[in-house]
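Chemist: model the structure of this input:
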Amino acid sequence: MPYRPALIALMMSLAGCSAGSTQMVEPATARSTLDDLLEDERNTIEVFQAAARSVVHIENRALRRDWFTASVTEVPQGTGTGFVWDSKGHIVTNYHVVKGATSVHVTLWDGSTHTGTLVGAEPSKDLAVIRIDAPEAALTALTPGSSSGLLVGQKVLAIGNPFGLDQTLTTGVVSALGREIDALDGRTIHGVIQTDAAINPGNSGGPLLDSRGRLIGVNTSIFSTSGASAGIGFAIPADTVTRIVPALIKDGRIIRAGLGVDLIRDDIARRNGVEGVILRAVGTGSAASKAGLIGLWTDRNGATQIGDVIVAIEGAPVREVDDLLTALERFTPGTGVSLTVRRGDEERVVPVKLQAIDPGAPDGR
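Modeler: Take a look at the predicted model:
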């Protein structure tokens, strides 16, 4: 019995043919290429592929004594992330990633592990530089960017090793600018970038990148009650990084400008009803001493009296210790500045030529 034309058409359609043609329909490919993706997806992939070779895994190891056997062994005490700064093997990370380490081990993108040497650290900015001896071909430096022109809402990418999972990419936006967070030494880090790109333990020290793959920050901490990402992460701005890191590489420390003084803590000043920074003591031959400033002194009855209180520097108000220290960061040793100082009921402007400060001296000197 001959088939009806409609039935023939249906059978040919089910077989992948059309009536009057025997050409087979090609199945759709299951693999995506960059050309198949949206422009934003292509950008994300390209930035990651270019930057991933620069991101490293850092393991912090410390010596531990077994109290039963008295033997000493080296054990891991934490992990974090870092990135290649230059072809000489300098690696940038957070200070808290390497703090207290007796040795640091750095794993590159190719899986090779190298022992790192601490070059220098700046705890007040949570930055550190270590150096590894690795082939130049294995070292791909990130391109430094600027944080001064960042806009809330622009795209950012974070690469790190959260929970030890290597080469993890998260994306988001700049959520806010000009945030402040506390460093390990109690100082305030100013101008911090806030982002909603997921940052978890282990991401610390990794790069925050813009859509061009340029370094715009160093991921440093998260705000979370659980210890995991809650959509609020913080990064040290690139302009701070590009100022601090070369100095650490060159000198192994930050040479600060200062006054040569010891300062009274803010809480003590407040209890005494003082707004400003009270000088506890003025070093002999220091910049402050040469300017005629005095610290605490004892009257004839044996009572301690307040000497000079710094209330402004270069006209900018100084209400607490961090205000003064942050202002001094803008200057180099030998620079002349004007201090507004109150002694008793008298307020006056005093010119001071700043001195170099020993990095081992108490904060504020």
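Chemist: just give the closest residue to P123, not the sequence neighbours.
Modeler: Leaving aside its sequence neighbours, P123 sits nearest to D185 (CB to CB, 6 or more residues apart in numbering; 4.5 Å). The C-beta positions use only the backbone N, C-alpha and C, and glycine is treated the same way.
Chemist: check R256 too.
Modeler: Per CB to CB, 6+ apart, closest to R256 is I357, 4.4 Å.
Chemist: one step back: the residue nearest to P123 - that's part of a helix, no?
Modeler: No. Going by DSSP: H, G, I helix; E, B strand; the rest coil, the assignment for D185 is coil, not a helix.
Chemist: where's it relative to G307, distance?
Modeler: Distance from D185 to G307, counting by CB to CB, to the nearest Å: 26 Å.
Chemist: all helices of the stretch 1-150 of the chain, in order?
Modeler: 5-14, 39-51, 95-98 (DSSP state H, counting those that start in this stretch).
Chemist: quick one, what contacts A52?
Modeler: Contacts for A52 (CB atoms under 8 Å, 6 or more residues apart in numbering) come out as W109, I159, Q167, L169.
Chemist: need the per-residue pLDDT for it.
Modeler: Each residue has a pLDDT score; the one for A52 is 93.
Chemist: now do the residue nearest to P123: how many residues are near it, please.
Modeler: Neighbour count of D185, defined by other CB atoms under 10 Å: 12.
Chemist: that one contacts E122, doesn't it?
Modeler: No. D185 is beyond contact range of E122, at 9.6 Å (criterion: CB atoms under 8 Å).
Chemist: name the spans of the stretch 51-200 of the chain whose pLDDT lies under the cut-off.
Modeler: Counting by pLDDT under 70, the ranges of the stretch 51-200 of the chain that qualify are 63-76.
Chemist: next step: the contacts of A52 restricted to strands.
Modeler: I159, L169 (DSSP state E).
Chemist: so which of the contacts of A52 is the most crowded?
Modeler: Counting by other CB under 10 Å, top hit in these: I159 with 25 neighbours.
Chemist: excluding its backbone neighbours, what's nearest that one?
Modeler: Nearest to I159 is V55, by CB to CB, 6+ apart, at 4.8 Å.
Chemist: what bridges to the one you found?
Modeler: F83 (DSSP bridges).
Chemist: give me the distance between Q77 and A128.
Modeler: Separation of Q77 from A128 (CB to CB) stands at 15 Å.
Chemist: higher neighbour count, the two?
Modeler: Legend: neighbour count by other CB under 10 Å for Q77 and A128, higher for A128 (29 against 15).
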